[in-house]
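Enquirer: Fold the following and give me the result.
(2 chains)
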Amino acid sequence: MAFNRHLFDRHARRKLVNYGFVGLTMAATAVAVIALLLILWSLVANGLDGIGLHIFTMDQPPPEMPGGLRNAILGSLEMCAIGMVMAVVIGILAGTWLAEYGEGKRLAEVVRFLNDVLLSAPSILIGLFVYEILVRPLHGFSAGAGAVALAFVATPVVTRTTEDILRLQSNQLREAGMAIGAGKSYVIRAIIWRASRPGLVTGALLGFARISGETAPLLFTSLGNPNLSFALTQPMGALPTTIYQFALSAFDDWRALAWVGALLIAITVLAANIIGRALARGSHQS
Amino acid sequence: MSVETAGPSRAARQDAFFQALCFSAAMVLMATLAGLLVALVIGGWPALAHFGPKFFISAAWDPVAEDYGAAGPIVGTLVTAGLAMVMALPLAVGIAVFLVEFCPSVLAKYVSMAVELLAGIPSIVYGMWGLFVLAPWFALHVQLPLFYVVDPDSFWGHLFEGIPNGANIFTAAMILAIMVLPYIATVLRELLLSVPTHVREAAYGMGCTPYEVVSKIMLPYIRRSAIGAVMLGLGRALGETMAVTFIIGNSHEFPRSLFASGSTIASTIANEFAEASSDLHVSALLALGLVLFVITFAALVGARLLIGREKA
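Expert: Numbering: from 1, shown residues only, chains lettered A, B, ... in the order given. Modelled structure (predicted):
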């Protein structure tokens, strides 16, 4: 009897511990989800009211004057676009080398490894690097340097996704191409790349999502510019740097603009992430 | 009609050219990392040579007197990142286990999407949220009550000492924890999924409760790679810039309490680099960058070696 009772107690205790554990894991998940919702909510609550046409048609104002974020938005778009072109070209080629030519090579292992390190390296160091190689020698902050810094941040993302996607293509595709007499490079370009197109777009979108909110690499490369400018040799405004300047200022209307900018960036980044991942899922299933 | 000559055919030349093109792109990546290191060493050398080992142990940071010591930012970096890991790891384990073991499949898609989105939010947005939402809340609901309750001369009093404005090392670590949480949770989840089904089911077959299966079988099974996941998160936390710059309070003093304002290497560089006037100041900041590079590089290399390629 006592023995049975002991067994029963133990059973109950194990069950209880288990329920507690399940509860704790649920609580941990809830913390993450609630954090996400709180952040999104504060963006909407603080930023939505300020959104209007003037945000896109007026440049950033001096304190306590009406204004928008046109120069910052266009500057961000220009630098991201140039950075992405560089990142996509280098990233897709490098990813192709890793997936198609790197098989079994020691050097490929090293490149892959360093790319992974670069992927998580602090972006502020990229900013310092570009300052040293482009800003200091040319004696001035410039949008071109900003675009190069963004390219360095996005390239590892594109490389990584490209390699992963190309590896998913079956060898039969490659063999079929070879069998009709096409050279290896032609097979890669005309068959493998084409078959992987959604995945390659995903890589580009993820890279774009990564850099469109990046502030640290721009702080000492493109610097920021309160006026509208498209010149690559001049400092250029960008949403993240403008947000940084405005959010830490003492002026209420600057802070309100910073929230609007943060909302715009968050929407862009999250949309790019969601579309990119949806594309990737679609191509994996087919 | 073209006649194939003795040299390589057009197609072969094209192949060789394309391969060389891809190869040079891969080399650009390597050159980037090497160039990064070289640029930091060259840029930081004047400061390192000027101050010697004192650079790492002195907590003086005085642009007027041109006296720079990196101890404050270095310790600030390690403390905030370490604290962030202490906060993030239990949460990440919880999320990963919940997603793998307990989450109804209808919900799993949305929960993992939420975690992915958390990873996608830009650093500067975290910074604004930290400064305008978390810091005031923390000051009002944590710092002030503690201020009244705790005896300032006790151990706890010293630990919680600081201006109650919410901008301090502890809140910086909280923001960092939220930021690295998705990275660690995602890797841990992949690792848990990699535990062979027969190992898991054998444990269930013996009558283990889910808690026992997870804590005694699955977590020990992935322990090595899990340490790698933690180091991956650590690498991120060490180099995180904007979010920390917003909330840490940016004081170069050596951090003396949990609620004191401080600085990290990244926040110091972000704050001062564009305005640094003297060559020595610039060089000191680049030397700080070099220190950050070495620390994060070590953490990231360790992470990759422990995790292996597929899951990170």
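Enquirer: contacts and neighbour counts: CA atoms only from here.
Expert: Will do.
Enquirer: And the residue in the stretch 201-312 of chain B positioned nearest to chain A, what's its pLDDT?
Expert: Nearest residue of the stretch 201-312 of chain B to chain A (Cα to the nearest Cα) works out as B:Gly239 at 4.6 Å. pLDDT recorded at B:Gly239 is 93.
Enquirer: May I see the buried residues of the lowest-mean-pLDDT helix or strand in chain B?
Expert: For chain B, using mean pLDDT, DSSP states H and E, the weakest element among its helices and strands is helix B:155-159, scoring a mean of 85. Neighbour counts using 16 or more other Cα atoms under 10 Å in any protein chain shown place B:157-158 of helix B:155-159 among the buried residues.
Enquirer: And the helix or strand just after it, what does it pack against?
Expert: Next along the chain after helix B:155-159, taking DSSP states H and E as the criterion, comes helix B:169-193. With contacts defined as 3 or more Cα pairs under 8 Å, 6 or more residues apart in numbering or on different chains; DSSP states H and E, the packing partners of helix B:169-193 are helix A:2-47, helix B:71-97, helix B:105-120, helix B:123-129, helix B:223-239, helix B:242-247.
Enquirer: can you give me the mean pLDDT across the first one?
Expert: Regarding helix A:2-47, the rounded mean pLDDT is 90.
Enquirer: Pull out the buried residues from whichever helix or strand comes after it.
Expert: On the C-terminal side of helix A:2-47, the closest following helix or strand by DSSP H and E is helix A:53-57. Under the neighbour-count criterion of 16+ other Cα under 10 Å, helix A:53-57 has A:55-56 buried.
Enquirer: Check the offset of helix A:53-57 from the chain's centre.
Expert: 25 Å (Cα atoms, centre = their mean, to the nearest Å).
Enquirer: can you list the residues of the stretch 51-200 of chain A near chain B?
Expert: A:90-91, A:93-98, A:101, A:111, A:113-118, A:120-126, A:128-129, A:132-133, A:152, A:156, A:183-186 (Cα under 8 Å from any Cα of the partner chain).
Enquirer: Stretch B:62-75 near chain A at all?
Expert: No: shown here: stretch B:62-75 not in contact with chain A (Cα under 8 Å from any Cα), separated by at least 14.9 Å.
Enquirer: ok, and for that stretch, which residues are buried?
Expert: Those would be B:67-75, for stretch B:62-75 by 16+ other Cα under 10 Å.
Enquirer: how about the residues you listed in JSON lines, adding distance to B:Leu285 and pLDDT?
Expert: Below are the buried residues of stretch B:62-75 laid out as JSON lines (distance: Cα to Cα, whole Å; pLDDT from 0 to 100):
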{"residue": "B:Asp67", "distance to B:Leu285": "12", "pLDDT": "90"}
{"residue": "B:Tyr68", "distance to B:Leu285": "9", "pLDDT": "91"}
{"residue": "B:Gly69", "distance to B:Leu285": "10", "pLDDT": "90"}
{"residue": "B:Ala70", "distance to B:Leu285": "9", "pLDDT": "91"}
{"residue": "B:Ala71", "distance to B:Leu285": "13", "pLDDT": "91"}
{"residue": "B:Gly72", "distance to B:Leu285": "13", "pLDDT": "91"}
{"residue": "B:Pro73", "distance to B:Leu285": "11", "pLDDT": "93"}
{"residue": "B:Ile74", "distance to B:Leu285": "12", "pLDDT": "94"}
{"residue": "B:Val75", "distance to B:Leu285": "15", "pLDDT": "93"}
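Enquirer: Show me which pair in those is furthest apart.
Expert: Longest distance between any two of the buried residues of stretch B:62-75 is 17.9 Å, between B:Asp67 and B:Val75; criterion Cα to Cα.
Enquirer: Okay, now the unreliable bits of the stretch 151-300 of chain B?
Expert: For the stretch 151-300 of chain B, no stretch is flagged by pLDDT under 70.
Enquirer: Flag every residue of it that's near chain A.
Expert: B:178, B:181, B:209-212, B:235-236, B:238-242, B:246, B:266, B:270, B:273-274, B:286, B:289, B:293, B:296-297, B:300.
Enquirer: ok, now with 7 Å
Expert: B:209-211, B:236, B:239-242, B:266, B:270, B:274, B:289, B:300 (Cα under 7 Å from any Cα of the partner chain).
Enquirer: got any ranges where chain A has weak pLDDT?
Expert: Ranges of chain A meeting pLDDT under 70: A:1-5, A:282-286.
Enquirer: Which residue lies nearest the spatial centre of it?
Expert: A:Arg210 (1.2 Å; Cα atoms, centre = their mean).
Enquirer: quick one, what contacts that one?
Expert: Counting by Cα atoms under 7 Å, 6 or more residues apart in numbering or on different chains, A:Arg210 touches A:Ala154.
Enquirer: That one and B:Leu117, how far apart?
Expert: A:Arg210 is 12 Å from B:Leu117, where distance means Cα to Cα, to the nearest Å.
Enquirer: Just say helix, strand or coil for residue 274.
Expert: Answering for chain A, as no chain was given. At A:Ile274 the chain is in helix, as set by DSSP: H, G, I helix; E, B strand; the rest coil.
Enquirer: wait, chain B
Expert: What three-state DSSP gives for B:Ala274 is helix.
Enquirer: Quick one: residues contacting the closest residue to it other than its chain neighbours.
Expert: Nearest-residue entry for B:Ala274: A:Phe220, 5.5 Å, with adjacent residues in sequence omitted and distances by Cα to Cα, 6 or more residues apart in numbering or on different chains. Contacts of A:Phe220 were listed using Cα under 7 Å, 6+ apart, and they are A:127, A:131, A:141, B:274.
Enquirer: Now do stretch B:243-252: distance from first to last residue.
Expert: OK, stretch B:243-252 end separation, Cα to Cα: 17 Å.
Enquirer: which outside residues touch that stretch?
Expert: With Cα under 7 Å, 6+ apart, stretch B:243-252 has contacts from B:61, B:72-73, B:123-124, B:126-128, B:130-131, B:167-169, B:172, B:261-263, B:267.
Enquirer: are any of those residues buried, and which?
Expert: Applying 16+ other Cα under 10 Å to those flags B:61, B:72-73, B:123-124, B:126-128, B:130-131, B:167-169, B:172, B:261-263, B:267 as buried.
Enquirer: Only whichever of the residues of the stretch 51-200 of chain A next to chain B are buried, select them in PyMOL.
Expert: In PyMOL, this line selects whichever of these come out buried by 16+ other Cα under 10 Å:
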select buried, chain A and resi 90+91+93+94+95+96+97+98+101+111+113+114+115+116+117+118+120+121+122+123+124+125+126+128+129+132+152+156+183+184+185+186
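Enquirer: Which ones among the residues of the stretch 51-200 of chain A next to chain B map onto helices?
Expert: Under the assignment DSSP state H, these contribute A:90-91, A:93-96, A:111, A:113-118, A:120, A:123-126, A:128-129, A:152, A:156, A:184-186 to helices.
Enquirer: got the contacts of A:Phe220 as TSV, with neighbour count and distance to A:Asp49 columns?
Expert: Shown next, in TSV, are those (neighbours: other Cα atoms under 10 Å in any protein chain shown; distance: Cα to Cα, whole Å):
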residue	neighbour count	distance to A:Asp49
A:Gly127	27	33
A:Tyr131	28	37
A:Phe141	25	34
B:Ala274	15	33
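Enquirer: Format these as TSV; extra columns: distance to A:His54.
Expert: TSV is the format used below for the contacts of A:Phe220 (distance: Cα to Cα, whole Å):
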residue	distance to A:His54
A:Gly127	31
A:Tyr131	34
A:Phe141	28
B:Ala274	30
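Enquirer: All set now, cheers.
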